[in-house]
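1. Sequence isn't available, so here's the structure alone:
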């Protein structure tokens, strides 16, 4: 199964992606993880990507297209993949379609998680992240066992620089202007699966699984 997951910042894409990967035995390909690894290692790509991410802007297409296409050609994706964080623009989607066509395949489904802006802001501002393993928490509804410490490795949790209310609002605005046209693009192809992301995490995943099982 070849999938893409869409949704605005804070919609819960990462959480749902993990469940999808485990359930459907596909490879999780997250451009966000790739960027964060480069930023952590202070690579030239990481420095450039961070400058955009800190401003709540999208990383330009030319920085990600070749990276994703190369990743899709690895042997471990033969049984399927879930793209998380790509494509973010229609131009990227067109490039992805062309690359998949050259590989003799195509997307099966595009999952679109829908969440209201006010809820997205609350989720992001309250988010805390482990700087060591990347696991995420929330000060209201996803607390660690020990306050301020990661359950997995005990590292002190941090608030990301781009999780302030001002930056989050800008990220949502950027998403609406530049990324949401993907919804129309994939809807026209009959690939879109709309999911209400305001529900509890487990319920959201059950809705996703039901939709994918129906199409399988």
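-> Nice, thanks for sending it over. Everything numeric in this text was worked out from a predicted model, so none of it was measured. Residues are numbered from 1 along each chain as shown.
2. And the worst-scoring helix or strand of the chain on mean pLDDT, what's buried?
-> Counting by mean pLDDT, DSSP states H and E, the weakest-scoring helix or strand in the chain turns out to be helix 31-40, with a mean of 77. Across helix 31-40, burial judged by 16 or more other C-beta atoms under 10 Å covers 31-32, 34-36, 38-39. Where C-beta positions appear, they are placed from N, C-alpha and C, glycine not excepted.
3. what residues are up against the residue lying farthest from the centre of the chain?
-> Relative to the centre of the chain, the most outlying C-alpha is that of residue 146, 27.1 Å out, by C-alpha atoms, centre = their mean. Neighbouring residues of residue 146 by C-beta atoms under 8 Å, 6 or more residues apart in numbering: residue 154.
4. quick one: it from residue 157, how far?
-> From residue 146 across to residue 157, the span is 10 Å (C-beta to C-beta, to the nearest Å).
5. do residue 5 as well
-> For residue 5, the distance to residue 157 - C-beta to C-beta - is 25 Å.
6. Compare those two (neighbour count), which wins?
-> Counted by other C-beta atoms under 10 Å, residue 5 and residue 157 do not tie: residue 5 has more neighbours, with 26 against 20.
7. I'd say the more buried one and residue 84 touch.
-> Yes - using C-beta atoms under 8 Å, residue 5 is in contact with residue 84, at 5.3 Å.
8. Quickly list what's touching both of those two.
-> Common neighbours of residue 5 and residue 84 (C-beta under 8 Å, 6+ apart) are 13, 17.
9. returning to that earlier point: in the buried residues of helix 31-40, find the pair that's most separated.
-> Greatest spacing in the buried residues of helix 31-40, by C-beta to C-beta: 31 and 39 (12.3 Å).
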